[in-house]
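Enquirer: coordinates for the following, if possible.
(2 chains)
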Amino acid sequence: MPRYITTTLPYVNADPHIGFALELVQADVLVRQYRSEGEEVFFNTGTDEHGQKIFEAAEKKGESVQAYVDHYAAEFRKLKDALALDNPTFIRTTDAHHVEAAQEMWRRCNAAGDIYKKKYTGRYCVGCEAFKTEREIENDRCVLHPNLELQLIQEENYFFAFSKYQDRLLAYLSRTDCVIPSWRREEALNFVKNGLEDFSISREASRLSWGIPVPDDESQVMYVWFDALTDYVSTLGWPSDPNGNFEKFWVNGTTLQVAGKDQVRFQSLMWQAMLMSANVKNTDQVFYHGFITSGGQKMSKSLGNVINPYELVAKYGAEATRYLLLRHVHPTEDSDVTWEKLDEWYTANLVNGLGNLVARIMKLAEEHCTESVSLSETNTPVETAFSLKIKNQAFNEAMDLIFEHVAKGDEYMTSREPYKKIKDEATKDEAKEDIEKLVRHLAKLTVHLSCVMPETSAKILAAVQENKKPENLFPRLG
RNA sequence: AGCGGGGUGGACCAGCGGUAGGUCGCAAGGCUCAUAACCUUGAAGCACAGGUUCGAUUCCUGUCCCCGCAACCA
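Expert: Predicted coordinates:
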């Protein structure tokens, strides 16, 4: 069955965050695993580029908004190569086709009677040029501009009839696999049970100058929801579907969204209600990953503990970065990452573990075996277990299986001592058999490795086929 | 207030009613094919307080601490 896998689209008001790199790598390893098993996968990612924050950020930088978003879109697009992503589609919410799709989504929900205009009163900060929430207000002032008086402003916006979908959302959430991990489904369920309120989906054009116009109302611009969330289907060609991808992957395929844990309400509730309203099939499954903290704190520029994915790749390489994110970041819980820990993991597992194992085995093979070993094509139970772990998003456990396999190689080498036996004529043949067995062990390893570290996997396989010790796979850190 | 998750040796994670496992780090031996790598052994642990039970890290109750959501906030 065709599969559709998408990340959320990051908002381009800052450089790529390590958390987004995690999301991409998790999605990619799923994509690669399914593709390796012969399934056709549509892999989507891209950038969310509208909104007042972006408009203001561009102004601050003294750039045109278009130049600003083009710059960031490029920064995010580069992640594809930096993280060795397997051919994702990259959609920008400023793409002409997406703009039309967002407007069509609006029209359909409107036709279903789910969009209406309502007067809304909020406290507006002139300094921020934005309405403030209770959390952002302290002593009746905006926390960022305590010297300015908040203004009570009344604005007329469009609202989406979210509350109408309470029952249908409960029915959707009764599917046990629609939210992973399961306890986040509990969270979503409780949220719906507590009652839903309609949410605002537009802003006056005078306040939101960089966004998609509301159909048939020049005075209003879409606020994030209809704009950003529609990307999951617009990327497939919805609604006109010129290539049949929407029909193939969304309607007839299995769909999976990968998102951060703070997205439950947006992805599993608001977006699903919009799909119901527009009479489009719901997402089959949304997987929510945890967050990455550093030194026990949320990464933030002011704390100076931000780890940028490009720095990660510059230091360890794309392959090792993928490995580090998959094995040492818990799939669904928060994980703490520091440079110190990353160095430790890189050295222990990749340099001393995998890299060293390949070197010691292939050195012996190159010197003592006259030709490369024949490889069997059959799947082992370990490979099946690995595949299942990946598909169940237990990425860290899947990695553990790989490294158990690595450890077994080292243990076998020590217990059989082929390097010793090869020096004695009487045991020479036995040593050769040991070495051949170890080489086959490596070949098997490449099967698991291919969706995690594709280049490394290919290098090892090539070394086995050429019967030659490769260059160090993972150089020791300076 | 509430909802959800979590608190297991120095670090991260698994176990979830019957001598507490794994990985990393640390220490001591061993080995020499290998990227001063590898193998073996060892030290060290179930947030706290009650309860249920023959027996609790595991179930129940309460307390403390951490994280996310808490409605227009990606």
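Enquirer: switch to C-alpha atoms for all contacts and neighbour counts from now on
Expert: Fine.
Enquirer: just give the nearest non-adjacent residue to A:Pro309, would you?
Expert: Leaving aside its chain neighbours, A:Pro309 sits nearest to A:Ile18 (5.1 Å; criterion: CA to CA, 6 or more residues apart in numbering).
Enquirer: can you check A:Asp434 too?
Expert: Nearest residue to A:Asp434 in three dimensions, chain neighbours excluded: A:Pro418, at 6.2 Å (CA to CA, 6+ apart).
Enquirer: got a list of what that neighbour touches?
Expert: A:Pro418 makes contacts with A:Glu430, A:Ala431, A:Lys432, A:Asp434, A:Ile435, as judged by CA atoms under 8 Å, 6 or more residues apart in numbering.
Enquirer: and the residue nearest to A:Ala14 when sequence neighbours are not counted, how far from A:Val258?
Expert: Excluding its sequence neighbours, the residue lying closest to A:Ala14 (CA to CA, 6+ apart) is A:Tyr72, at 7.8 Å. Distance check for A:Tyr72 against A:Val258: by CA to CA, to the nearest Å, it reads 21 Å.
Enquirer: swap in A:Arg108?
Expert: 26 Å.
Enquirer: with A:Phe20 instead?
Expert: 10 Å.
Enquirer: just to revisit the earlier point, was I right about the residue nearest to A:Ala14 contacting A:Pro10?
Expert: No - at 10.4 Å, A:Tyr72 and A:Pro10 do not qualify as touching, with contact defined as CA atoms under 8 Å.
Enquirer: number of residues surrounding the residue of the stretch 301-450 of chain A found nearest RNA strand B?
Expert: In the stretch 301-450 of chain A, the residue found nearest to RNA strand B is A:Gly355; the distance is 3.0 Å by CA to the nearest atom of the strand. Number of residues near A:Gly355 (other CA atoms under 10 Å) recorded here: 22.
Enquirer: could you count how many residues lie near the nearest residue to it once chain neighbours are set aside?
Expert: Leaving aside its chain neighbours, A:Gly355 sits nearest to A:Leu473 (5.3 Å; criterion: CA to CA, 6+ apart). By other CA under 10 Å, the residues close to A:Leu473 number 17.
Enquirer: go on, the one 3 residues further on?
Expert: The local packing of A:Arg476 (other CA under 10 Å) involves 14 other residues.
Enquirer: who's in contact with the residue nearest to A:Ala14?
Expert: Counted by CA under 8 Å, 6+ apart, A:Tyr72 has contacts A:Val12, A:Asn13, A:Ala14, A:Asp15.
Enquirer: just for chain A, where's the confidence low?
Expert: For chain A, the stretches with pLDDT under 70 are A:125-149, A:300-304, A:376-382.
Enquirer: now the helices for the stretch 201-350 of chain A?
Expert: Using DSSP state H, counting those that start in this stretch, the helices of the stretch 201-350 of chain A run over A:224-229, A:231-234, A:245, A:264, A:271-277, A:309-328, A:339-345.
Enquirer: whether the first one contacts RNA strand B - can you check?
Expert: To tie it back to what came earlier, the one meant is helix A:224-229. Yes - judged by CA under 7 Å from any atom of the strand, helix A:224-229 comes into contact with RNA strand B through A:Val224, A:Trp225, A:Ala228, A:Leu229.
Enquirer: how far away is the nearest residue to the third one once chain neighbours are set aside from RNA strand B?
Expert: Yep, that's A:Ala228 we're talking about. Distances taken as CA to CA, 6+ apart place A:Asp48 nearest to A:Ala228, at 6.1 Å, with adjacent residues excluded. Between A:Asp48 and RNA strand B the computed distance is 5 Å (CA to the nearest atom of the strand, to the nearest Å).
Enquirer: domain-wise, how is chain A divided?
Expert: A:3-113+A:165-197+A:224-289, A:346-466 (automatic domain parsing).
Enquirer: now render the ones you listed as CSV, adding distance to A:Leu477.
Expert: Formatted as CSV, the domains of chain A follow (distance: least, CA to CA, whole Å):
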stretch, distance to A:Leu477
domain A:3-113+A:165-197+A:224-289, 19
domain A:346-466, 8
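Enquirer: phi, psi for the closest residue to A:Thr235 other than its chain neighbours please.
Expert: By the measure of CA to CA, 6+ apart, the closest residue to A:Thr235 outside its immediate chain neighbours is A:Ile91, 6.1 Å from it. Backbone torsions of A:Ile91, given as degrees, to the nearest 10, read phi -110, psi 140.
Enquirer: is A:Ile91 in a bridge, and if so with what?
Expert: A:Gly46 (DSSP bridges).
Enquirer: residues near it, how many?
Expert: Residues near A:Ile91, counting by other CA under 10 Å, number 22.
Enquirer: show me the contacts for it.
Expert: With the criterion set at CA under 8 Å, 6+ apart, A:Ile91 makes contact with A:Asn44, A:Thr45, A:Gly46, A:Thr47, A:Asp231, A:Thr235.
Enquirer: now do A:Leu357
Expert: A:Leu357 neighbours (CA under 8 Å, 6+ apart): A:Val406, A:Gly409, A:Asp410.
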